[in-house]
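*Asks:* below: sequence and its predicted model.
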Amino acid sequence: MDDTGYSEDELIPVSALQHTMYCHRQVALIHVEQLWADNRYTAEGQVLHQRVDLEHHESRKGHRTEYAMAIRSLRLGLIGKADVVEFEETRDGSLGLVRPVEFKRGKTKPSDIDRVQLCAQAFCLEEMLGIKIGAGQFYYLQEHRRSTVDFDEELWRHTIETIETTRQIVTSDSTPPAVYESAKCDRCSLYQICMPRAVNRGGKRVDRYVNAQVRALLKEVDE
């Protein structure tokens with residue numbers, strides 16, 4: 001990164017931020033080792049996004065909606081697509097409210113895992129349009145309604161931290177070790193690739209073997 005920001009080759013996908021928040025090993029497997037697999041959850045998400053991922057726009061007086069809008073931030077080093085971006089004009093015809101809208105399967109999550117992704121989209125739009133965006137919205141399939149997210153200072157900081165962590169993992173060219181957590185690992189589409197249980201068991205066997213060899217060596221020295 002230079003004084004003007006990141007180059008095109010250094011941009012990381014906005015979608016990687018969600019992978020980072022879910023699991024550091026997952027983001028490395030996907031964005032460093034280039035591995036991917038689908039399960040029911042990812043397949044359902046893909047079907048949902050097929051409805052909005054065709055790039056086009058709709059307009060009516062004072063309002064424009066862009067679908068699958070390409071976004072980027074050279075300052076933060078991000079690139080991606082926003083499911084939907086809504087633009088509203090003021091009475092004098094100038095640009096007024098701009099709102100990113102993200103479509104998700106499932107329902108509202110207690111963590112920031114989705115909110116960080118939406119906030120990052122807002123960062124990109126702010127840089128591209130030279131405006132300030134105060135809020136965005138989600139449409140969760142299970143809830144069949146929109147919910148609004150305010151981009152407050154706490155979410156802003158969390159998003160910046162996640163961007164920095166993601167870049168560190170992606171540029172380190174190494175994959176963090178597996179740590180099995182049933183609530184997350186059993187739902188992960190990369191479970192069979194990651195093999196967190198097998199890796200953990202294998203790691204314990206190696207540790208036991210090394211410790212046994214060290215004890216044997218120390219015993220020989222004492223004798």
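*Replies:* Structure received.
*Asks:* look up phi and psi at Y67.
*Replies:* phi -110, psi 140 (degrees, to the nearest 10).
*Asks:* got a pLDDT number for it?
*Replies:* pLDDT, Y67: 93.
*Asks:* same question, L141
*Replies:* Reading off the model, L141 has pLDDT 88.
*Asks:* and it, what does it touch?
*Replies:* If a contact means C-beta atoms under 8 Å, 6 or more residues apart in numbering, then L141 has 48, 103-106 as its contacts. C-beta coordinates here come from the backbone N, C-alpha and C atoms, glycine included.
*Asks:* over to M128?
*Replies:* With C-beta under 8 Å, 6+ apart, M128 has these contacts: 71-73.
*Asks:* rebuild those as JSON lines, extending it with distance to S15.
*Replies:* Formatted as JSON lines, these follow (distance: C-beta to C-beta, whole Å):
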{"residue": "I71", "distance to S15": "12"}
{"residue": "R72", "distance to S15": "13"}
{"residue": "S73", "distance to S15": "14"}
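*Asks:* still on that earlier bit, among the contacts of L141, which one is most surrounded by other residues?
*Replies:* Neighbour counts for the contacts of L141 peak at K104, which has 20 neighbours (criterion: other C-beta atoms under 10 Å).
*Asks:* against K109, how distant is the closest residue to that residue other than its chain neighbours?
*Replies:* Excluding its sequence neighbours, the residue lying closest to K104 (C-beta to C-beta, 6 or more residues apart in numbering) is Y140, at 5.2 Å. According to C-beta to C-beta, to the nearest Å, Y140 and K109 sit 9 Å apart.
*Asks:* who's more crowded, the two?
*Replies:* Between Y140 and K109, counting by other C-beta under 10 Å, Y140 is the more crowded of the two (19 against 12).
*Asks:* what's around K107, how many residues?
*Replies:* When neighbours are counted by other C-beta under 10 Å, K107 registers 12.
*Asks:* dump the residue contacts of it.
*Replies:* 140, 142-143 are the contacts of K107 under C-beta under 8 Å, 6+ apart.
*Asks:* likewise for R25?
*Replies:* R25 neighbours (C-beta under 8 Å, 6+ apart): 175-179, 194, 196.
*Asks:* for it, helix, strand, or coil?
*Replies:* Per DSSP: H, G, I helix; E, B strand; the rest coil, the secondary structure class of R25 is helix.
*Asks:* so where's this structure shaky on pLDDT?
*Replies:* Judged by pLDDT under 70, the chain has its weakly predicted residues at 1-4, 38-57, 59, 199-223.
*Asks:* for it, what spans make up the helices?
*Replies:* Taking DSSP state H to define them, one finds helices in the chain at 15-22, 24-31, 40-50, 113-129, 153-172, 182-185, 191-194, 196-222.
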